[in-house]
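Engineer: I would like to see how this sequence folds:
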Amino acid sequence: MGCSVSETHHLVWGRGMEITEVRVALHESQQKRLKAYATLTFDRCFVVRNIKIIEGKNGLFVAMPSRKPKVPCGTCAFKMDIGGRYCTQCGDALQRPMERTAESESPEAQAHRDIAHPITVEFRQYLQRTVLDVYEAERIKGAQLSGWEASAPHEEPT
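Structural biologist: Model (predicted):
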């Protein structure tokens, strides 16, 4: 697996937002939760990379590109990932974040922040459906290619 295949889609959502290309790269190990990476092109002029296709408890879902938020060390101001205990720059113990209330974000939500993401439920559903359709087509194509390679007769050089 691991092949990267491009499929062009001319799907229009809402008031003209168009996904003009979807590229899916199947992940090598299909035994793990991460199944593939996708790249989307919108209106032939804007690209979003590192979209993940993940196997969750309720089936496949699309995870938008994200990053870990950073907090500065109180001693040297080096920016560290949230959740660390010690600064990797100066070695001092990091202050624990203030207690979370019911209204604040959960620790899971703070672990990663989306870099780009749909704002409406409708657009998220459209995006997820489009990406998962292309993923399924690639997965089937990859399985067929693997089957053909295994069943193809081996020819001896003459």
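Engineer: from now on I want contacts and neighbour counts done on CA atoms only, so please keep to that.
Structural biologist: Noted.
Engineer: mind listing what the most centrally placed residue in the chain touches?
Structural biologist: By Cα atoms, centre = their mean, the chain has its centre lying nearest to residue 52, at 2.0 Å. Going by Cα atoms under 8 Å, 6 or more residues apart in numbering, residue 52 touches 34, 35, 36, 37, 38, 62, 63, 64, 65.
Engineer: which two of those have the greatest separation?
Structural biologist: Across the contacts of residue 52, the longest distance by Cα to Cα is 14.7 Å; it joins 35 and 65.
Engineer: and stretch 113-128, how far apart are its ends?
Structural biologist: Using Cα to Cα, to the nearest Å, the end-to-end distance of stretch 113-128 comes out at 18 Å.
Engineer: now that stretch: buried residues?
Structural biologist: 117, 126, 127, 128 (16 or more other Cα atoms under 10 Å).
Engineer: what's near enough to touch the residue nearest to the first one when sequence neighbours are not counted?
Structural biologist: Think residue 117. Closest residue to residue 117 apart from its sequence neighbours, by Cα to Cα, 6 or more residues apart in numbering: residue 64 at 6.1 Å. Neighbouring residues of residue 64 by Cα under 8 Å, 6+ apart: 50, 51, 52, 114, 115, 116, 117.
Engineer: can we see that at 7 Å?
Structural biologist: 51, 52, 114, 116, 117 (Cα atoms under 7 Å, 6 or more residues apart in numbering).
Engineer: what distance do you get for it to residue 91?
Structural biologist: On the measure of Cα to Cα, residue 64 and residue 91 end up 33 Å apart.
Engineer: coming back round to it: lowest pLDDT pick from the contacts of residue 64?
Structural biologist: Within the set of the contacts of residue 64, pLDDT is lowest for residue 114 (80).
Engineer: name the SS class of residue 124, please.
Structural biologist: helix (DSSP: H, G, I helix; E, B strand; the rest coil).
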